[in-house]
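Chemist: have a look at this prediction, sequence included:
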Amino acid sequence: MSLHRLLPLFERARGLDQPLVLATVIRTGGSTYAKPGAQMLIASDGEYAGLLSGGCLEGDLREHARTVAASGTSRIVSYDLRSTTDQLFGLGAGCEGAMDILMARVSAFERWQPLDYMAAAARRGDPCRVAFVIESRDADLPLGLMVSNTGTPPNGAMVDSKILALRNAADAGAGNSLIQVNPPDVELFVSVNAPPPRLLLLGGGPDARPVAELAAFLGWRVVVVDHRASYLVPARFPAATELIELRPAELASVVTLDNFAAAVVMSHHLESDLHYLRCLAHSHLPYVGLLGPAARREKLLSDLGTDADLLRTRLRAPVGLDIGGRAPESIALSIIGEVHAAIAGRGGRPFSDIVHG
């Protein structure tokens, strides 16, 4: 779930003290656009962030959101898109599945939970686990109640032993799953948001900028390292980009490399790239990309000596997918595409090959 898509609307609504409705997919069947754990946020003026379908359900969800925002009472909205006779939500919806969606109000009365908790975790780069009550026979534990380890529950005075039981069950449950808790007689949906991937760009030249922009658009956390201060100008990069000036040989002593999902070596300076690759060879960073032609790669690997053996299975060089185009933006797209596939454990093949192959 792309939490970063929801946060600007959350901050705007909180600043205006206007209620929001958080819609969370809790069950699916068949082929659906969104899977359990996907979320969207709906403001009182009808603006929304995030998508749970290709656009066919969002209008109807806004109507339900008005009722939930006014009453504060959560509800579960169900859609079954598998019927060929349904003119509104049938095959024209672009999918043939069913979804149950929990809709819960988030406002000052709820102390802006769970969004405040989720936003804080995202800022820290931490995973975030939240559980929602989706079925209950206990008046103290109403539908939509948020359960997390953030301290006192925000939804009013609750019985401590019951909340503790729910918290313990949520902590033990798998991510984006349904669990039954007895006692109390409650069903929970456990939602887990992994921290955004961290991307390390080793080199801050002109072609690093579009890579950083695409990564930031995806909600990734980007760190750019360079020994040239002229490249590390904040205005050149997305606002949240961390910029570090250091000599390439100092990389491992300043940056904790194992905290990153991927690194791309792109300084256009042979000696600098050699230092970067030597540091990366002694890390556990799973993806290392190297910009430049194959001949340059072989020169660097030869200069690395025995360290090259520590790097070969992780090295993608030349970095990126073969999508054509030589413009910096095209190269950035090919790099981010390959990194995205690697993080997801995919090969980056066309869907048509996967379906028909």
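Modeler: Structure's in. What do you need? Numbers count the residues shown, from 1 in each chain.
Chemist: neighbours around Val147, how many?
Modeler: 29 (other Cβ atoms under 10 Å). Where you see a C-beta, it was placed from the backbone N, CA and C, and this is true even at glycine.
Chemist: that one and Met118: what is the separation?
Modeler: 13 Å (Cβ to Cβ, to the nearest Å).
Chemist: what's the helix or strand for the residue lying closest to Leu7 once chain neighbours are set aside?
Modeler: Using Cβ to Cβ, 6 or more residues apart in numbering and skipping residues adjacent in sequence, the residue nearest Leu7 is Ala119, 5.5 Å away. Using DSSP states H and E, Ala119 falls within helix 115-124.
Chemist: which helices and strands does that helix pack with?
Modeler: Under the contact definition 3 or more Cβ pairs under 8 Å, 6 or more residues apart in numbering; DSSP states H and E, helix 115-124 sits against helix 7-16, strand 128-136, strand 186-193.
Chemist: would you list these in JSON lines and tack on mean pLDDT?
Modeler: JSON lines is the format used below for those (pLDDT from 0 to 100):
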{"stretch": "helix 7-16", "mean pLDDT": "96"}
{"stretch": "strand 128-136", "mean pLDDT": "93"}
{"stretch": "strand 186-193", "mean pLDDT": "92"}
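Chemist: Thr28 is nearest to which of the ones you listed?
Modeler: Evaluated over these, closeness to Thr28 peaks at strand 186-193, with 11.9 Å, by Cβ to Cβ.
Chemist: which strands or helices does that closest one pack on?
Modeler: Strand 186-193 packs on strand 20-31, helix 115-124, strand 128-136, helix 160-172, strand 177-181, going by 3+ Cβ pairs under 8 Å, 6+ apart.
Chemist: for these, give me TSV that also has mean neighbour count.
Modeler: TSV is the format used below for the helices and strands packed on strand 186-193 (neighbours: other Cβ atoms under 10 Å):
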stretch	mean neighbour count
strand 20-31	21
helix 115-124	18
strand 128-136	21
helix 160-172	16
strand 177-181	16
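Chemist: if you rank every helix and strand of the chain by mean pLDDT, what lands last?
Modeler: The least trusted helix or strand in the chain, going by mean pLDDT, DSSP states H and E, turns out to be helix 351-356, with a mean of 74.
Chemist: surely Leu22 meets Ala43?
Modeler: No - checked against Cβ atoms under 8 Å, the pair Leu22 and Ala43 is beyond contact range at 11.1 Å.
Chemist: Ala174 belongs to a strand?
Modeler: No - judged by DSSP: H, G, I helix; E, B strand; the rest coil, Ala174 forms no part of a strand; its state is coil.
Chemist: quick one, what contacts it?
Modeler: Residues in contact with Ala174 (Cβ atoms under 8 Å, 6 or more residues apart in numbering) are Val190.
Chemist: so what's the gap between the helix holding Ala119 and the chain middle?
Modeler: 12 Å (Cα atoms, centre = their mean, to the nearest Å).
Chemist: got the CA positions of that helix in PDB?
Modeler: The C-alpha trace of helix 115-124 is given here as PDB (Å, rounded to 0.1, in the frame of the first residue of the first chain):
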ATOM      1  CA  LEU A 115      -3.100   7.900  10.500                       C
ATOM      2  CA  ASP A 116      -1.100   9.800  13.000                       C
ATOM      3  CA  TYR A 117       0.600   6.600  14.100                       C
ATOM      4  CA  MET A 118       1.100   5.400  10.500                       C
ATOM      5  CA  ALA A 119       2.500   8.800   9.400                       C
ATOM      6  CA  ALA A 120       5.000   8.800  12.300                       C
ATOM      7  CA  ALA A 121       6.200   5.300  11.400                       C
ATOM      8  CA  ALA A 122       6.600   6.300   7.800                       C
ATOM      9  CA  ARG A 123       8.700   9.400   8.700                       C
ATOM     10  CA  ARG A 124      11.000   7.200  10.800                       C
END
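Chemist: what's the pLDDT at the nearest residue to Val225 once chain neighbours are set aside?
Modeler: Of all residues not flanking Val225 in the chain, Ile244 sits nearest, at 4.8 Å (Cβ to Cβ, 6+ apart). Per-residue pLDDT puts Ile244 at 98.
Chemist: same question, Met158
Modeler: Predicted confidence (pLDDT) at Met158: the value is 46.
Chemist: quick check, Arg247 in contact with Val225.
Modeler: No - look at Arg247 against Val225 with Cβ under 8 Å: they stay out of range, at 9.9 Å.
Chemist: sec struct for Gly144, please.
Modeler: With three-state DSSP as the basis, Gly144 sits in coil.
Chemist: which residue is the nearest non-sequential neighbour of it?
Modeler: Ser74 (2.6 Å).
Chemist: quick one, what contacts the one you found?
Modeler: 68, 102-105, 142-144.
Chemist: which one of those is nearest to Ser302?
Modeler: Nearest to Ser302 among the contacts of Ser74, counting by Cβ to Cβ, is Leu102 at 57.4 Å.
Chemist: distance check, that closest one against Leu188.
Modeler: With Cβ to Cβ as the criterion, Leu102 and Leu188 are 11 Å apart.
Chemist: intersection of neighbour lists for those two?
Modeler: By Cβ under 8 Å, 6+ apart, the residues touching both Leu102 and Leu188 are 132, 134.
Chemist: identify each buried residue in stretch 236-244, please.
Modeler: 236-237, 241, 243-244 (16 or more other Cβ atoms under 10 Å).
Chemist: which residues does the spatially closest residue to Ala13 that is not a sequence neighbour bridge with?
Modeler: Nearest residue to Ala13 in three dimensions, chain neighbours excluded: Leu20, at 5.0 Å (Cβ to Cβ, 6+ apart). Counting by DSSP bridges, Leu20 forms beta bridges with Ala43, Val106.
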